[in-house]
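Asker: Give me a model of this one.
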Amino acid sequence: MFKSMTRSLSIPHFLYTHTVDLTDFARIRNRVATRPSIAARLQTEDGKPLKLTLLPFMLKALSEAVSSFPIVNSRVVANGKTDHPALEIKGSHNFGLAVDTPQGLLVPVVRNVQDHSIISLTKEISRLGHLAREGKLKPEDMQDATLVVSNIGSIGGQVVAPVILSPMTAIVA
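Answerer: Numbers count the residues shown, from 1 in each chain. Got it, this is the predicted structure:
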């Protein structure tokens, strides 16, 4: 973590905060999540119910945004000829999720967000979070993210200044 954070010091950071009233969203989400047809699909493989949170909606919205602005869905790579950094624009929307675990901060990657539904994102977020907290993530589960999403709302936070991890170009909190 020390090496990653030290490398991050060389990345220009821009902080923008905006407060959003999610009252209407929460009401609609609760109405949708309690529909029997949706509730039946919001379950783990072993039948445990999943909570429909804001996070899968945010990932899907972020995926839609980077479809319009593909340069954001990139990684910084060294140009072999000039040794200058270059942007490598990625087609897949592979987003890392910052997860607080007993082992410390881990960032598993939700792959191909552009191909997921809200329900499949909910299931994948739950699966990766469970693996992270259990210490069962594989190295490949934490590779190839282009963006990271860090959710502090679950602990009551409102504003955070997240740190971009190299070689990514952005983090959303």
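Asker: Any idea what residue 100 is bridged to?
Answerer: residue 105 (DSSP bridges).
Asker: got a pLDDT number for the closest residue to residue 123 other than its chain neighbours?
Answerer: If the residues on either side of it in the chain are set aside, residue 123 comes closest to residue 50, at 6.6 Å by C-beta to C-beta, 6 or more residues apart in numbering. Where you see a C-beta, it was placed from the backbone N, CA and C, and this is true even at glycine. Note for residue 50: predicted pLDDT of 89.
Asker: Same check on residue 89?
Answerer: Per-residue pLDDT puts residue 89 at 91.
Asker: State the number of residues packed around it.
Answerer: Residue 89: 13 surrounding residues under other C-beta atoms under 10 Å.
Asker: Over to the one 5 residues further on?
Answerer: Here the neighbour count serves as a burial measure; for residue 94 (other C-beta under 10 Å) it reads 19.
Asker: what does the one 10 residues further on give?
Answerer: Residue 104: 8 surrounding residues under other C-beta under 10 Å.
Asker: show me what contacts residue 167?
Answerer: 75, 76, 77 (C-beta atoms under 8 Å, 6 or more residues apart in numbering).
Asker: Surely residue 116 is in contact with residue 57?
Answerer: No. Counting by C-beta atoms under 8 Å, residue 116 does not reach residue 57; the two are 11.5 Å apart.
Asker: Looking at the two, which is more packed in?
Answerer: More neighbours surround residue 116 than the other of residue 116 and residue 57, with 20 against 16 (other C-beta under 10 Å).
Asker: Thanks a lot, catch you later.
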